[in-house]
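# Take a look and give me a structure for this.
(chains A, B, C, D, E and F, ligands or ions: 3)
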Amino acid sequence: MPINAGDTAWVLVATGLVFLMLPGVAFLEAGFLRAKNVVSTMMQVFTAAFLVSIIYIIIGFTLSFGPDQGGILGGLSFLGLRDVDGNAWAGTTIPGLLYFAFQLMFAAVTVALVTGAIAERMRYLSFFIFVAVFVFIYAFPAHWVWGGGWLARLGVVDFAGSIVVHITAGVASIVAALMLGRRIGFGQPGLEGHNLSLGALGGFLLWFGWFGFNGGSALAANGVAATALVNTNMAAASGAFAAIMMTWSRFGKPSLVMGINGSLAGMAAVTGGAGYVSPISALVIGVVAGLLMVLGMRLVKGKLGVDDALDVSCIHGIPGIWGALAVGLFADGRLGNVTGLFAGGGLRQLAVQGVGSLVVLALVGGLSFAVLFALKRAGVLRPNTADELVGLDIADHREKAYA
Amino acid sequence: MPINAGDTAWVLVATGLVFLMLPGVAFLEAGFLRAKNVVSTMMQVFTAAFLVSIIYIIIGFTLSFGPDQGGILGGLSFLGLRDVDGNAWAGTTIPGLLYFAFQLMFAAVTVALVTGAIAERMRYLSFFIFVAVFVFIYAFPAHWVWGGGWLARLGVVDFAGSIVVHITAGVASIVAALMLGRRIGFGQPGLEGHNLSLGALGGFLLWFGWFGFNGGSALAANGVAATALVNTNMAAASGAFAAIMMTWSRFGKPSLVMGINGSLAGMAAVTGGAGYVSPISALVIGVVAGLLMVLGMRLVKGKLGVDDALDVSCIHGIPGIWGALAVGLFADGRLGNVTGLFAGGGLRQLAVQGVGSLVVLALVGGLSFAVLFALKRAGVLRPNTADELVGLDIADHREKAYA
Amino acid sequence: MPINAGDTAWVLVATGLVFLMLPGVAFLEAGFLRAKNVVSTMMQVFTAAFLVSIIYIIIGFTLSFGPDQGGILGGLSFLGLRDVDGNAWAGTTIPGLLYFAFQLMFAAVTVALVTGAIAERMRYLSFFIFVAVFVFIYAFPAHWVWGGGWLARLGVVDFAGSIVVHITAGVASIVAALMLGRRIGFGQPGLEGHNLSLGALGGFLLWFGWFGFNGGSALAANGVAATALVNTNMAAASGAFAAIMMTWSRFGKPSLVMGINGSLAGMAAVTGGAGYVSPISALVIGVVAGLLMVLGMRLVKGKLGVDDALDVSCIHGIPGIWGALAVGLFADGRLGNVTGLFAGGGLRQLAVQGVGSLVVLALVGGLSFAVLFALKRAGVLRPNTADELVGLDIADHREKAYA
Amino acid sequence: MKKIEAIIRPDKLARVKAALEEIGYPGITITDVKGHGKQRGILQQWRGQAYRIDFLNKVKIEVVVLDEDEDKTVTAIVRNARSGEIGDGKVFVYPVENAVRVRTGEAGVNAI
Amino acid sequence: MKKIEAIIRPDKLARVKAALEEIGYPGITITDVKGHGKQRGILQQWRGQAYRIDFLNKVKIEVVVLDEDEDKTVTAIVRNARSGEIGDGKVFVYPVENAVRVRTGEAGVNAI
Amino acid sequence: MKKIEAIIRPDKLARVKAALEEIGYPGITITDVKGHGKQRGILQQWRGQAYRIDFLNKVKIEVVVLDEDEDKTVTAIVRNARSGEIGDGKVFVYPVENAVRVRTGEAGVNAI
Ligand SMILES: Nc1ncnc2c1ncn2[C@@H]1O[C@H](COP(=O)(O)OP(=O)(O)O)[C@@H](O)[C@H]1O
Ligand SMILES: Nc1ncnc2c1ncn2[C@@H]1O[C@H](COP(=O)(O)OP(=O)(O)O)[C@@H](O)[C@H]1O
Ligand SMILES: Nc1ncnc2c1ncn2[C@@H]1O[C@H](COP(=O)(O)OP(=O)(O)O)[C@@H](O)[C@H]1O
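Residues are numbered from 1 along each chain as shown, chains lettered A, B, ... in the order given. Ligands and ions are numbered 1, 2, ... in the order given. Just a heads-up that it's a prediction; the model follows:
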């Protein structure tokens, strides 16, 4: 297909919007953490930006989107971006380089999300290595679902990444939280966020950027993109609504922080079906995601006592699973003949989505465990007590966020 | 008309840009208020985002843009977004769902603006109800001017909402400020904003977002959109210039805060004529708006002693009226045969614009009064003194913005 | 050529993105300066926004892009934007008004960058005058390279402004830093930035906005735009990488602040060749830029003791020169037959690029010196000691950034 | 000379300051402090958990007065800082051996 | 009455506070201060230059106690604030002439 | 032992600190405070209204010294904190009954 300027314009912007989710994550997290770990957290996200860029252009992209090798990974045709240029990417109306850039941002965002779980107690050196390795881990789900791998052939669909991005980030997060152990002071007052304005900025940037994340995944400026954008907004709204109502009824006071988290959970859930479901279905998907998130937090932090610092597993992981399944429920055939249970498509899609979710969960969980285990063994995973108490900003970067 | 990818790309982005005006409003206000009401204010704007989304998709959109019922409101054809999909919206080259999303953001921004007037002293419960009702109030001006209602038939034009958005928000603001009464400590030092960096962030986001607000209102990526964008920038610049010169000459020191406010006033004024006037006219419209704003603040806060906390009536309301009239003066026939006085079009357009402004002013003022009066009677409008003193962040949300 | 909606959509957005670099600069700088000069710095950038807008529409644009007058400046055909309207700009598929708006933002960003050098010790009045004059100074390089002036005829190419923007800003910065002298306390602890979250926000906004700056310079939504966007991202990544590795090896601790600066240096360097080189070349250009920046800072601040407060000369100026030359090395003929040394194009392009850089350096350096010398003579350049100690926020604006 | 040190609620500061000015002591020094006492902390929520903040914001006022003004100063503060609720704070009196005005070098009672 | 004023490491605050509560002094006042002493400052970097911050964050605890409780209070603080490293801080004891509870007006030992 | 407490202009802190170090007192504690006195507040503007901020930023320095060093300490502070303009601040001297070094438990003059 020839290049279409309108489609290209939209995906150019969408690429920028997905990039903007990186500061979104950085500020959401920095604001919701203590002042002594702000530089550390922003540096982690910044590292996701620059390090993923470098590794992804060299090897990550081709592993995901190179010619399929037995359903498992892409071949090395695009190593160092060979043969990827300004001409149209196969099956699309946008330049190959743009397709690359859009996918690159997804890889960067995925690993950036994990920083929320490991916050305030992971050495920078370890995180640096973790990011580098994660580009390879991420290549599997990306190829399997989006690169023509075996899950795609099985019929798994994932519009913009409930599985590939949010389950991946969520499971890596819970594994990392477990491997790292709890922060000093976990469960006691004193771990509250230092700057909710900054956190809210992150939340709004994420909502805004998600329009590009989901809308851009249409790879064209058309009705599908519009549907995805509207669905994103609706799930964010209803996710926020659900979370706010939960805190309002439980504590008598509605919480902004939980509202923001609820909007993220709603969007993480609708990401999988953004182009496949109707806006009203998106409202339902969002509400459920918001509720699941709140319940998940009570379970993970409350019952299990796992210190997933900013609840990435509950804000992205659980809603990611729900969103993957929701395609099997709500897809109404508007796109690519994907039809879920409620539109009379039977249980097949639902089953397939479940398989896809489980497989990615197991794979990413296992590989994340392996790399973190190695880092732990090497003794570089976690700072010593004095460093953790003084904060990673000084301990690992010798920079203070606030004078 | 078929869908055009270029036009769709632009309106997709413009929708995002208008969304971004919500954090723009949130940070402008939070930064210019006291630290103890930051969560409260951000929560109000966040509520404008999620609650308007939910109500607007169900009923608000169809009341504004459903088939005209006697010039008064739209019919219920699009209830729950029935029949609004990825196909082109009538008379445009963009998907119906995208037209909906763009309009939704306008509704959300309008009510978000009101938060600046009522800041620091309105219970969250009341605000929540107010937002819900406001979606219905907003349907009237939106339908009358943009939905083919009676004002449109009369010949009132309003490119992107000097009347529909800014007069509406401005009059609701002054009414709300009057109903709530003054904050404790009004008129004394101590009410200054706690974080001008945050406020400036809001101001810049609004300027940026306004490019989408006005430029996107062309509903196409063409010369009209470019004109609107340039005019927006010029009126912002000249509004800022005017306000800064006023403070410079009055206090000997130019004020950043007033400069930012001046840019907003300029844009609120040029919004009505963004596609109808030349960039040089936009410069003039902006300067006048900046001056009117400064004079308005001396009147409203100074003389009348009305505590419109962040001067929404003067930054949006008064410039909104001026902007509506300015179309009748400066429109040069470049778009849709709208010609103002200075281009030899006579007084008719000016008169019609005046009528439109007055009618919306009266209607929105009256309806706002009604709902606020009811809330006041119910005793839920304003917090008690202790809560107001401790700040609404703790009192209404049990969250502190800064640790 | 007729207007193309897709190209127009992209350049509309890109214009907004370049605008967003203004708050990018404002927050980068404000965050990396002391709390008592935050209003002052933001006001300077805000002034770049509104004052350049007003002067550029009247005279600046036509001086740059009016019909060439002997290779030196543009003629006055577009005075007050006469004859610039919604129709296609010659040689492009976007409206003339949009071309104007895009160029306007470049002018504003260029002067905004200088604020980083002069921070904390330049009277607002002087800065105001400096900005006004700078619009005229800027017209020369803009016309010479982009407006069909003599450097363009010589064969100098500068995709998005390594010369026109970054060398210009860099040399003006070093001259201004020299004319102003050092801040009180220079070289001692106590000058550290007050808020790295704010600074990081600025850094991320600049990275994001730069996609529009470089990508938009294609003036179309096509493969060139995609190339420019990818190259921008890659040079940012590798510039950050280089700077972080330098601090890591030197201090044992990687620095976020230097990482952000490195990303900016990388982008400043790749700006000149964004459409002419491959993404892998962009990686190399970025790494070198990051290293040059670090070494430059040791020279300028360390050895020479020049108080370029936020190192604009090293972050923009030196990488700008390197980027101009890099076109002569790496251009691979993918765009407009520009071929550098490494692609077998010989030394000619490199030589021409060197001439262009030197000429602009000398011209802008000289003119900047002249205006700053006059302001110094007039005794309005620098505040007195008491004012500098209390901070320019209070001294020049009577506004405090933080309550 | 005595130093009167009062730990009071932040929203009483303006009144107390005015009262001190009225009795002839415009020169005061203010510090933001946090207090813990009988007053219960403020209930808050964070990410779905309720918790209580132990330390409450208070303001410390320090004013050095002549021996003979001790009583009226303490009275002025107590009267204007009182809300009657738990958490109103304390006033402590300390001996001062000397005072010097930096600007002039004057010492003793002339320095106050 | 005595005022016990302790300048300690911020991360020891929680333990010291608990210890004071245990010996019957829940009423304390906390101030964020910066200290300079034998402890070396923290090495930092700024824009490629290394430098050392002279002043370190410390917390000042003030508690006014009955004369007879002076020793056990000091002991409780010292024991719980100690890390053994340079920078642990100091405890100073000052005479207090009077104390008044703002809420009730009670004075002297009843006010503590 | 005496506690010397000085309320000075923030921009004099570095000089005063250096002077104290020179006379053998590197151990000092610093608090950010706000002061009100004869010095007029700073004129500011907010949303088109001018107003005056009553309280000005000051820095409080506390240093506990041996009895015999009281005079030279006060002199060192006064000399280095002086600008000659209104608002230079005050130095107060208080009796100290005891001092304890947390790290070692040393008490009395050895603890300073
Ligand atoms: N013994 C004490 N020493 C120092 N400060 C105290 C002491 N007792 C109380 N305070 C301070 O006084 C404040 C108010 O005390 P609290 O017991 O809450 O109320 P009330 O004084 O009304 O009984 C506390 O927050 C604390 O700052
Ligand atoms: N003479 C003094 N007067 C006031 N404060 C002091 C004095 N000496 C020490 N301090 C405070 O005690 C803190 C710790 O002192 P330092 O000498 O670093 O460690 P250590 O007490 O363990 O020897 C200092 O940071 C300072 O705040
Ligand atoms: N009686 C007092 N008690 C406590 N602090 C005081 C007293 N008088 C002055 N101060 C402090 O000293 C500062 C300077 O005092 P001021 O009267 O402005 O100047 P000067 O000391 O030069 O006459 C004040 O801001 C205040 O913090």
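# For chain D, which residues are neighbours of ligand 1?
Taking Cβ under 6 Å from any ligand atom as the contact definition, chain D meets ligand 1 at D:7, D:35-39, D:56, D:58, D:86-90. The C-beta positions use only the backbone N, C-alpha and C, and glycine is treated the same way.
# Now neighbour count too, for those, in CSV please.
Output for those, formatted as CSV (neighbours: other Cβ atoms under 10 Å in any protein chain shown):
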residue, neighbour count
D:7, 23
D:35, 23
D:36, 21
D:37, 20
D:38, 10
D:39, 17
D:56, 17
D:58, 27
D:86, 10
D:87, 16
D:88, 21
D:89, 27
D:90, 23
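# Which residue lies nearest to whichever residue of chain A sits closest to ligand 1 in three dimensions, sequence-adjacent residues excluded?
Among the residues of chain A, residue A:189 lies nearest to ligand 1; the distance is 16.8 Å by Cβ to the nearest ligand atom. Leaving aside its chain neighbours, residue A:189 sits nearest to residue D:51 (4.6 Å; criterion: Cβ to Cβ, 6 or more residues apart in numbering or on different chains).
# quick one: the one you found is in a helix?
No: Residue D:51: not assigned to a helix; according to DSSP: H, G, I helix; E, B strand; the rest coil it is strand.
# mind checking pLDDT for it?
Note for residue D:51: predicted pLDDT of 93.
# residues in contact with it?
Listed by Cβ atoms under 8 Å, 6 or more residues apart in numbering or on different chains, the contact set of residue D:51 reads A:189, D:43-45.
# any idea how far the residue of chain A closest to ligand 1 is from ligand 3?
Computed with Cβ to the nearest ligand atom, to the nearest Å, the distance linking residue A:189 and ligand 3 is 33 Å.
# what do you get for residue A:344?
From residue A:344 to ligand 3 the distance is 78 Å (Cβ to the nearest ligand atom).
# Please report how far that residue lies from residue A:329.
Distance, residue A:344 to residue A:329, using Cβ to Cβ, to the nearest Å: 12 Å.
# ok, now residue D:8?
On the measure of Cβ to Cβ, residue D:8 and residue A:329 end up 60 Å apart.
# now do residue A:252
Distance from residue A:252 to residue A:329, by Cβ to Cβ: 34 Å.
# Comparing those two, which shows the higher neighbour count?
Between residue A:252 and residue A:329, counting by other Cβ atoms under 10 Å in any protein chain shown, residue A:329 is the more crowded of the two (21 against 12).
# Grab the nearest non-local neighbour of residue A:172.
Using Cβ to Cβ, 6+ apart, the closest residue to residue A:172 is residue A:368 (4.4 Å).
# ok, the residue of chain A closest to ligand 1 - contacts?
D:51-54.
# which among those residues end up buried?
Listed as buried from those are D:51, D:53-54; burial here means 16 or more other Cβ atoms under 10 Å in any protein chain shown.
# Show me how far the helix or strand of chain D with the lowest mean pLDDT is from its chain's centre.
The weakest-scoring helix or strand in chain D, judged by mean pLDDT, DSSP states H and E, is strand D:49-53 (a mean of 92). Its chain's C-alpha centre and that of strand D:49-53 lie 28 Å apart, by Cα atoms, centre = their mean, to the nearest Å.
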